[in-house]
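K.L.:
Pasted the sequence and its predicted model underneath.
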Amino acid sequence: MADYVVVGGGVAGCVIATRLSEDPDVRVLLIEAGPTDRNPYIHMPVGFARMTGGPLTWKLKTAPQEHAMGREIPYAQGRVLGGGGSINAQVFTRGRPADYDAWATECGCPGWGFEEVRRYFVRSEDNDTLAGAWHGNDGPLGVTTPCPQPATRAFVRACQQYGMPLNPDFNGPVQAGTGPYQITTRDGRRCATARGYLRPAMGRANLEVRTGVRVSRILIEKGRATGVAIEGSDGAEVLRAGREVIVTAGAIGSPKLMMLSGLGPADHLRAHGIEVVADLAGVGADLQDHYGIDIVYETSGPLSLDKYNRWWWAASAGLEYALWRRGPVTSNIVEGGAFWFADAAAADDPAALPDLQFHFLVGAGVEAGVPAVPSGSGLTLNSYTLQPRARGSVRLRSARAEDAPVVDPNFLGAPEDLGTSIRGLEISREIMAQPALARFVKTEHFPSARVKGRSALEDYARRYGRTSYHPVGTCRMGGDEGAVVDPELRVRGIEGLRVCDSSVMPRLVSSNTNAPTVMIAEKASDLIRGRQ
């Protein structure tokens with residue numbers, strides 16, 4: 001029997017299993033539904049372009065989006081050891097201090113203010129460029145600031161010509177500005193938590209990792225979680241937990257498992273014939289995500305990484321990478337970006353916080369639903385609203401564990417979200433028209449310069465926006481009756497059960513979500529061990 005059963009070997013699960021097994025006197029079992037992270041494309045930073053729509057995901061689609069032309073939008077979530085951290089674009093941003101201070105002061109989560117969580121960001125990080133109070137240099141997670149492609153350098157100059165300041169560190173005290181993204185790589189290879197945390201711990205006698213195993217429900221006896229029921233190649237089995245069951249299946253998988261186990265909105269559970277163990281209305285509610293919108297440009301020459309789709313360029317790049325771990329294969333494609341204001345006047349207000357994030361991709365057709373260019377050399381600029389007002393949900397499709405849940409992010413469900421998104425498109429075009437980039441750009445390929453005016457841009461935003469793969473909030477933390485877990489991540493009303501992943505975020509952070517999820521897992525490890 002394991003002392004701790006960790007359900008979900010994604011970003012958070014790999015961290016928690018590693019940290020808990022540092023104590024040789026406890027036994028830890030980590031369970032992952034997907035395979036191990038052996039696919040070679042995982043470890044090549046540029047390989048993420050092949051991962052987000054590939055076999056190492058759950059192949060989810062959203063429910064028809066009422067405010068996005070009724071579309072069922074592809075919704076990639078990792079199904080592999082390392083989870084989303086093994087298939088994402090490796091962008092490493094924490095959000096801003098105000099995000100975490102709001103968790104503590106506005107969302108009923110004492111202990112989660114920025115000064116209280118900063119040490120967990122620092123503890124996780126092995127930054128090869130930056131140091132000091134804001135960064136760590138000996139943590140498990142490799143973080144680099146790579147040398148960007150010429151197009152990315154031109155983008156950063158263009159943003160400055162637009163009026164943004166250069167920001168060399170989005171993970172420092174100031175978020176606004178433009179610059180290169182830090183990414184989770186080490187020595188030219190992706191450094192997901194499966195590699196940075198879990199792999200060095202795999203030899204521990206007290207740590208067992210089982211892949212290809214689906215957990216169908218959490219076992220709860222007399223108000224206490226005592227283990228899990230699993231389905232694998234050897235059939236059904238019950239695995240007991242001596243101390244705690246820790247759910248780290250992500251913002252989609254965690255609420256699904258909770259509901260399958262009788263923990264969730266009572267009426268919804270009864271509708272699927274599931275016995276109600278605890279009526280927790282917040283399970284599966286409050287889904288938040290960033291709705292990204294892309295503009296694609298054709299370049300006037302082979303400026304982008306798209307040229308490496310041709311075999312002779314690909315062979316050259318592959319050889320360079322195999323011999324020296326350098327070259328275009330070490331690029332994560334999303335090399336640079338910016339945080340800025342939808343309202344131009346806010347840029348002059350020192351108290352204002354950015355409400356838009358931009359990702360510059362040195363390529364086109366990288367993401368599902370985003371077109372390539374006919375010439376084979378394109379650039380993409382993506383933008384999204386940092387603090388969307390809309391809230392969605394995750395609900396069961398049936399009582400069968402093998403059935404995908406109903407995921408409804410309710411994209412653009414708040415009018416404010418649409419307005420900010422339109423400003424993101426307008427600013428994107430203004431950036432791309434600056435001298436630093438204009439000389440490289442042949443034409444706007446998608447949606448094309450013919451799409452202009454408020455009505456046309458609204459139509460485009462509704463018709464072509466997509467997920468940014470940042471779902472959170474579906475088992476949110478807080479002190480109110482609607483919260484699923486308390487600030488120590490314990491499930492309300494159930495002993496021996498915690499949820500410790502991105503689903504507990506009470507409010508979406510103003511950034512990518514990988515780094516904050518690692519922080520949550522680091523802090524959770526200390527909470528579980530009683531080290532707070």
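P.N.:
That came in fine, so what should we check first? Residues are numbered from 1 along each chain as shown.

K.L.:
Quick one: name whatever helix or strand follows the worst-scoring helix or strand of the chain on mean pLDDT.
P.N.:
Ranked by mean pLDDT, DSSP states H and E, the weakest helix or strand in the chain is helix 311-324, scoring a mean of 74. Moving toward the C-terminus from helix 311-324, the next helix or strand (DSSP states H and E) is strand 336-340.

K.L.:
And the average pLDDT for that next one is what?
P.N.:
Averaging pLDDT along strand 336-340 gives 99.

K.L.:
packing partners for that strand?
P.N.:
Applying 3 or more Cβ pairs under 8 Å, 6 or more residues apart in numbering; DSSP states H and E, we find strand 336-340 packed against helix 150-162, strand 177-180, strand 356-361. All C-beta atoms are positioned from the backbone trio N, CA, C, and that covers glycine.

K.L.:
Next, format these as JSON lines and append mean neighbour count, mean pLDDT and distance to residue 258.
P.N.:
Shown next, in JSON lines, are the helices and strands packed on strand 336-340 (neighbours: other Cβ atoms under 10 Å; pLDDT from 0 to 100; distance: least, Cβ to Cβ, whole Å):
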{"stretch": "helix 150-162", "mean neighbour count": "21", "mean pLDDT": "98", "distance to residue 258": "41"}
{"stretch": "strand 177-180", "mean neighbour count": "23", "mean pLDDT": "98", "distance to residue 258": "39"}
{"stretch": "strand 356-361", "mean neighbour count": "25", "mean pLDDT": "98", "distance to residue 258": "30"}
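
K.L.:
Of all those, which one is nearest residue 133?
P.N.:
Among these, strand 177-180 comes nearest to residue 133, with 19.3 Å by Cβ to Cβ.

K.L.:
before we move on, back to that, make JSON lines out of the helices and strands packed on strand 336-340 and add distance to residue 15.
P.N.:
JSON lines is the format used below for those (distance: least, Cβ to Cβ, whole Å):
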{"stretch": "helix 150-162", "distance to residue 15": "30"}
{"stretch": "strand 177-180", "distance to residue 15": "25"}
{"stretch": "strand 356-361", "distance to residue 15": "24"}
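
K.L.:
nearest to residue 370, of those?
P.N.:
If you check each of the helices and strands packed on strand 336-340 against residue 370 by Cβ to Cβ, strand 356-361 wins as the nearest, at 8.6 Å.

K.L.:
Could you point out the helix or strand that follows that closest one?
P.N.:
Downstream of strand 356-361, the first helix or strand assigned by DSSP H and E is strand 378-385.

K.L.:
which helices and strands sit right next to the helix or strand that that next one is followed by?
P.N.:
Per DSSP H and E, the first helix or strand lying C-terminal to strand 378-385 is strand 393-395. In terms of contacts (3+ Cβ pairs under 8 Å, 6+ apart), strand 393-395 is packed against helix 250-260, strand 406-408.

K.L.:
mind listing the strands for the stretch 151-300 of the chain?
P.N.:
All strands of the stretch 151-300 of the chain, identified by DSSP state E, counting those that start in this stretch, fall at 177-180, 185-186, 189-190, 207-211, 214-221, 224-232, 235-247, 263-264, 278-279, 291-299.

K.L.:
Identify whichever of those lies nearest to residue 347.
P.N.:
Using Cβ to Cβ, these put strand 177-180 closest to residue 347, at 10.2 Å.

K.L.:
and the strands of the stretch 151-300 of the chain, which is most packed in?
P.N.:
Comparing these by mean neighbour count (mean count of other Cβ atoms under 10 Å), strand 263-264 ranks first with a mean of 30.

K.L.:
on that earlier part again, just name the most buried of the helices and strands packed on strand 393-395.
P.N.:
By mean neighbour count, with neighbours taken as mean count of other Cβ under 10 Å, helix 250-260 ranks first of those at a mean of 27.

K.L.:
Please name every helix or strand in contact with it.
P.N.:
strand 214-221, strand 235-247, strand 393-395.

K.L.:
Identify the neighbouring strands of the second one in the sheet and state each direction.
P.N.:
Same thing as strand 235-247. strand 2-7 (parallel), strand 224-232 (antiparallel), strand 497-499 (parallel) (DSSP bridges).

K.L.:
Good, wrapping up.
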